[in-house]
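Colleague: Next one to model:
(one chain, ligands or ions: 1)
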Amino acid sequence: MEAFACDALPGRVVFGAGAARTALADEVARLGVSRLLLIAAGGGETVARDLAAPLADRIAGTFTGVRPHVPVEVADAARKQAAAIGADAVLSVGGGSATGTAKAVALTTGLPVIAVPTTYAGSEVTPVWGLSDGERKTTGVDMRVLPRLVIYDPELTVSLPGPLSAASGLNAVAHCVDGFWAPGRNPVSALAAAEAIRVLAAALPAVARDGTDLGARSDLLYGAYLAGSAFAVTGSGLHHKICHVLGGRYGLPHAQTHAIMLPYVLAFNAPGAPDAASRIGQALGSEHPAAALQALAAQLGLPRGLREIGLAEDQLAEAARLIEPVVPADNPVPAGAAALQVLLRHAWAGDPVGTELAGTELAGTELAGTELAGAGRAVEEQGAREEAVTDEALASFAGADAARYREIMQSLVRHLHAFAREVRLTESEWEQGIDFLTRAGHITDDRRQEFILLSDVLGLSMLTVAINAPASAGATESTVVGPFFVADAPEVPLGGDIAGEAKGRPCYVSGTVQGTGGEPLPGARIEVWESDEDGFYDVQYPDGRIGGRGWLRSAPDGGYRFWSVRPAPYPIPDDGPVGALLTAAGRGPMRPAHLHFKVEAPGYRTLITHIFVAGDPYLDRDAVFGVKESLITDFAEHPPGPGPDGRPLDEPWTSVRFDIVLARLASGPGSPGI
Ligand SMILES: [Fe+2]
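Modeller: Sure, this is the predicted structure:
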């Protein structure tokens, strides 16, 4: 016998048909409690009141607000009632939710719990509690919630519907099987688990056939009790960790998920736990326990593949990744994400596990398990080889002198490798990527910047803006610089015209430049650039023209004004590789009409932004994700006549006001800035 540790849980169990009617009153008296809070669930209320009738003088109050998963507000209400009536014990009659509510009361009050279960939940013999708060579930272990007394009466379970009984009973089998490799496994729990599997496997089909078969109901309840006791000390193994993720993340139904997964998990772990597999096989009366479990679930009318209960094939990889970190460290077979994905794929497809797999009576689950585990091992080895490449590439930057350079390059390598592994990048896809970058390089010159375009349409430019220009209360928001800024724009005087050779309706732009404290900023350098009425920037014309760009300084009072042309929506250059990328994505190349600004003042954060024309049809689908609500501005239309500065205009013209607010640069080391 190997060394082991085992927590034997205290608590009295009274088992027998009719025990709730005949023994409950005496057992309660034996405990010496006299002011019970009766907790009864839904349909069990009548039963509960009948059962409690003989001890009516000891029932000080009844709580019937039981709800599944024990919401915190239900727990609070039950606790308040217990306090209000001066309860000295809690009596629950019902399924797992009633027991759970009683446990919630015991958790904060320490009151002893007496449980009369009417289903096969098994929670009445565990010190585990659970509460839910909206989507969030919290569980814990506390000996105060372990019922002091459990009365098992199979007669109370006869009305439980067949399918619910089957699901609940199989759940108990899952507790037992998983307990063979769970962290708290020990010879005593294994003994109880094996006996429970034997009893449950025999009783389940009988109950499914005839729900009134009291003998089968008795066996089922006995098995559920043993399973609950075993699970209380072993805790969750691989199977429960998998089901928890599948249920929590993808909302798969609890009982069906357990029924489907269990045979696959057994087949997966069997090669690493031959003794457990053999004992489970003995209990099931089969040399091929995984196949026997699958057959049992089928007999009970439960589905066989995860795809039948709503899991999508493209969720398997993510599920495997989510499960990997919660796999118990000593699971008998290595269960990395890759191996788990193989396991999940079999369970998703509902592949036969065991005899059917090889089409012969002799090829058993062990074979299937070996295949699964073997495939898992092969994928694990593949994973290790890939990790090694990443590690080597990471290490090659470890000696870099500049810490920031090292950080950036190592992170880039990590993410780039993870990306390639996630999508399983093929060699021809890699070649396409290289070809794309090559074409982007060839088309880029002093006037065409395909890489900025690429960054723009991937949202990287806007993300970088967001990271580096953190929101500052009251300051004008930033947006992308775009690919059309050029450094040598002409200076224009205050009130001058930047239109140059750009065609379009005259547009008068005015406003102020201030700091966030309201202080005017005289002499601020305001640079603007925009497209003409045809949607082209000057640099997009081959004739070297200059127009639609210029810079000026704000007046002593912080005010500024200049003439330009009304901006137009335009497509980003889409005749290169980035255009092809947009087409492949079904995305358009359009940007809503806008005017670019770059505003600088000493001591203030440089602002790079646009103003967008309100009402533009492309505001909600900017190809480069640059639109921000606060930057959408009203452009007013005017008939021919003198402009605000007296300029005579014989054509309609436009005006816009844009007040610019700059954030003060934080002083001290590490101050952010562009
Ligand atoms: Fe632009």
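Colleague: got the residue ranges for the helices in the stretch 451-600 of the chain?
Modeller: For the stretch 451-600 of the chain, the helices defined by DSSP state H, counting those that start in this stretch cover 460-468, 577-585.
Colleague: Need the CA coordinates for the first one. CSV is fine.
Modeller: Just to be clear, that refers to helix 460-468. Taking only C-alpha atoms (Å, rounded to 0.1, in the frame of the first residue of the first chain), the coordinates of helix 460-468 have been written out as CSV:
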residue,chain,number,x,y,z
LEU,A,460,-2.2,50.5,-35.5
SER,A,461,-1.8,54.2,-36.2
MET,A,462,-4.9,55.1,-34.2
LEU,A,463,-3.9,52.7,-31.4
THR,A,464,-0.5,54.4,-31.2
VAL,A,465,-2.2,57.8,-31.0
ALA,A,466,-4.5,56.5,-28.3
ILE,A,467,-1.5,55.2,-26.3
ASN,A,468,0.6,58.3,-26.6
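Colleague: What helices and strands are in contact with it?
Modeller: Packed against helix 460-468, as judged by 3 or more Cβ pairs under 8 Å, 6 or more residues apart in numbering; DSSP states H and E, are the following elements: helix 450-457. The way it works is simple: take the backbone N, C-alpha and C, and place the C-beta from them, glycine included.
Colleague: returning to what we had before: would TSV of the helices of the stretch 451-600 of the chain with mean neighbour count be doable?
Modeller: Compiled in TSV, these are given as follows (neighbours: other Cβ atoms under 10 Å):
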stretch	mean neighbour count
helix 460-468	16
helix 577-585	16
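Colleague: And those helices, which one averages the lowest pLDDT?
Modeller: For those, the stretch scoring lowest in mean pLDDT is helix 460-468; its value is a mean of 87.
Colleague: coming back round to it: adding distance to Pro506, write the helices of the stretch 451-600 of the chain out as CSV.
Modeller: Supplementary listing: these in CSV, determined by distance: least, Cβ to Cβ, whole Å:
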stretch, distance to Pro506
helix 460-468, 30
helix 577-585, 32
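Colleague: Next, count neighbours for Ala19.
Modeller: 18 (other Cβ atoms under 10 Å).
Colleague: Relative to Glu530, how far out is the residue nearest to it when sequence neighbours are not counted?
Modeller: The shortest distance from Ala19 to any non-neighbouring residue, by Cβ to Cβ, 6 or more residues apart in numbering, is to Asp153 (4.5 Å). As for Asp153, its distance to Glu530 is 83 Å (criterion: Cβ to Cβ, to the nearest Å).
Colleague: before we move on, what about Ala83?
Modeller: Distance check for Ala83 against Glu530: by Cβ to Cβ, it reads 71 Å.
Colleague: neighbour-wise, which of the two wins?
Modeller: Under the neighbour definition other Cβ under 10 Å, Ala83 and Glu530 were set side by side, and Glu530 has more, 29 against 14.
Colleague: and Glu387, what pLDDT?
Modeller: The confidence metric pLDDT takes the value 84 at Glu387.
Colleague: again with Gly247
Modeller: 83.
Colleague: Looks like it contacts Gln256 (just checking).
Modeller: No: under the contact definition of Cβ atoms under 8 Å, Gly247 does not touch Gln256, with a separation of 9.9 Å.
Colleague: Ok, which of the helices of the stretch 451-600 of the chain comes nearest Ala614?
Modeller: The closest of these to Ala614 is helix 460-468. By Cβ to Cβ, the value is 20.4 Å.
Colleague: centre of the chain versus the closest one, how much separation?
Modeller: When C-alpha coordinates are averaged (Cα atoms, centre = their mean, to the nearest Å), helix 460-468 and its chain have centres 24 Å apart.
Colleague: Give me the angle between it and helix 450-457.
Modeller: In this structure, helix 460-468 runs at an angle of 70 degrees to helix 450-457, with axes from the mean of the first three to the mean of the last three Cα atoms, to 10 degrees as the basis.
Colleague: nearest to Ile632, of the helices of the stretch 451-600 of the chain?
Modeller: Comparison of the helices of the stretch 451-600 of the chain against Ile632 by Cβ to Cβ identifies helix 460-468 as nearest, at 15.9 Å.
Colleague: Which elements pack onto the helix or strand His175 falls within?
Modeller: Taking DSSP states H and E as the definition, one finds His175 inside helix 162-179. Applying 3+ Cβ pairs under 8 Å, 6+ apart, one finds that helix 162-179 contacts helix 187-209, helix 214-234, helix 238-250, helix 254-269, helix 289-299.
Colleague: close enough to count as contact, Leu296 and Ala202?
Modeller: No: Leu296 is beyond contact range of Ala202, at 10.1 Å (criterion: Cβ under 8 Å).
Colleague: Those two: who's more crowded?
Modeller: Neighbours were tallied for Leu296 and for Ala202 using other Cβ under 10 Å; the higher tally belongs to Leu296 (23 against 16).
Colleague: Could you find the closest non-adjacent residue to the more buried one?
Modeller: Of all residues beyond its chain neighbours, the one nearest Leu296 is Ala201 (6.1 Å), with distances taken as Cβ to Cβ, 6+ apart.
Colleague: what about that neighbour, how many neighbours?
Modeller: For Ala201, the count of nearby residues is 23 (other Cβ under 10 Å).
Colleague: Was I right to think it contacts Val173?
Modeller: Yes: counting by Cβ under 8 Å, a contact exists between Ala201 and Val173, whose distance comes to 6.9 Å.
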